[in-house]
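[1] Okay, predicted coordinates and the sequence, questions at the end:
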Number of protein chains: 2
Amino acid sequence: MIPNIPEIDKCDCNIIHSDVVDRVRRSMPDEEVIMDLADFFKVFGDTTRVGILSALNESEMCVCDIAALLGMTKSAISHQLRVLKQSKLVKYRRDGKVVYYSLDDDHVKTIFDQGLSHVEEK
Amino acid sequence: MIPNIPEIDKCDCNIIHSDVVDRVRRSMPDEEVIMDLADFFKVFGDTTRVGILSALNESEMCVCDIAALLGMTKSAISHQLRVLKQSKLVKYRRDGKVVYYSLDDDHVKTIFDQGLSHVEEK
DNA sequence: CGAACAGTTGAATATGTGTTCAACTATATT
DNA sequence: AATATAGTTGAACACATATTCAACTGTTCG
């Protein structure tokens, strides 16, 4: 296996410590994993989505109630719920006209707690 | 204490389950905390920054070496290191002409691991 | 001193993304 | 069937942000 060397090397400088660079390169996750990770965290990087996740962490809720809670339109909430759905962070069930959303991931709470301890510390 | 009710209520629908909304509203973190959390996770939501953090998780590194490792310019890396510095996720030391960056947060690894298990599962 | 290199910075550009708006679907009620 | 309500969707717009480029600082070495 040849280590991943970027096809087009835009680096505008010399490698100073090639031993370190080689060792780190071997230990790095694949570029695809890096992208998946960034995409995953991107979902948590929006106030509206964090608000929705915080709410659903307390209780299953329908779109109207979330919209009322956060003082936003159904449309805005629905768009963000779609993002959360695609990331498999929330699931939903329909009951008549009403669609109820709830958390669909065990990691959400842990990730929130880690984020909170960082935010509170510094 | 009066619960936080958004000043301008843009909600375009009726509250369906007012008991649930009231209960969730009381349990929600302050809006400021929600914003801090989102800002914190926003930092993890970029491929370049995740790459830098992954690298520094393995070893202290200088800007040139990170640029070479990720196949990017010193400038691009430096800009992102500034973001990571502001979020208190990395620290640095200067040795002559060379500036060495390293991780400055215990939560980084835990957060990465949680993200990885989510990404790998689904 | 002056050249060379590591790194930073600000402005400009390009791309990504969240909200709005209007139109739409689906279900329930009369 | 007609109406009302919950929710979704796509396009447009406005805003945020990552990279580039060029100019800059700081340090080392001849």
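    That came through, no problem. Residues are numbered from 1 along each chain as shown, chains lettered A, B, ... in the order given.

[2] how far is the strand or helix carrying A:Leu81 from where the chain is centred?
    A:Leu81 belongs to helix A:74-86 when assigned by DSSP states H and E. Helix A:74-86 has its C-alpha centroid displaced from the chain centroid by 14 Å (Cα atoms, centre = their mean, to the nearest Å).

[3] what packs against it?
    Contacts defined by 3 or more Cβ pairs under 8 Å, 6 or more residues apart in numbering or on different chains; DSSP states H and E place helix A:74-86 against helix A:47-58, helix A:63-70, strand A:90-95. In this view, the C-beta of every residue, glycine as well, is placed from N, C-alpha and C.

[4] Mind doing that once more with 7 Å?
    helix A:47-58, helix A:63-70 (3 or more Cβ pairs under 7 Å, 6 or more residues apart in numbering or on different chains; DSSP states H and E).

[5] among the ones you listed, which is the most enclosed?
    helix A:63-70 (a mean of 24; mean count of other Cβ atoms under 10 Å in any protein chain shown).

[6] quick one: it near DNA strand C?
    No - Helix A:63-70 stays out of contact with DNA strand C when judged by Cβ under 7 Å from any atom of the strand, the minimum separation being 8.5 Å.

[7] other SSEs contacting that helix?
    helix A:47-58, helix A:74-86, helix B:18-27.

[8] Export those as JSON lines, with columns for distance to B:Ala67 and mean pLDDT.
    JSON lines is the format used below for these (distance: least, Cβ to Cβ, whole Å; pLDDT from 0 to 100):
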{"stretch": "helix A:47-58", "distance to B:Ala67": "32", "mean pLDDT": "97"}
{"stretch": "helix A:74-86", "distance to B:Ala67": "32", "mean pLDDT": "98"}
{"stretch": "helix B:18-27", "distance to B:Ala67": "45", "mean pLDDT": "96"}
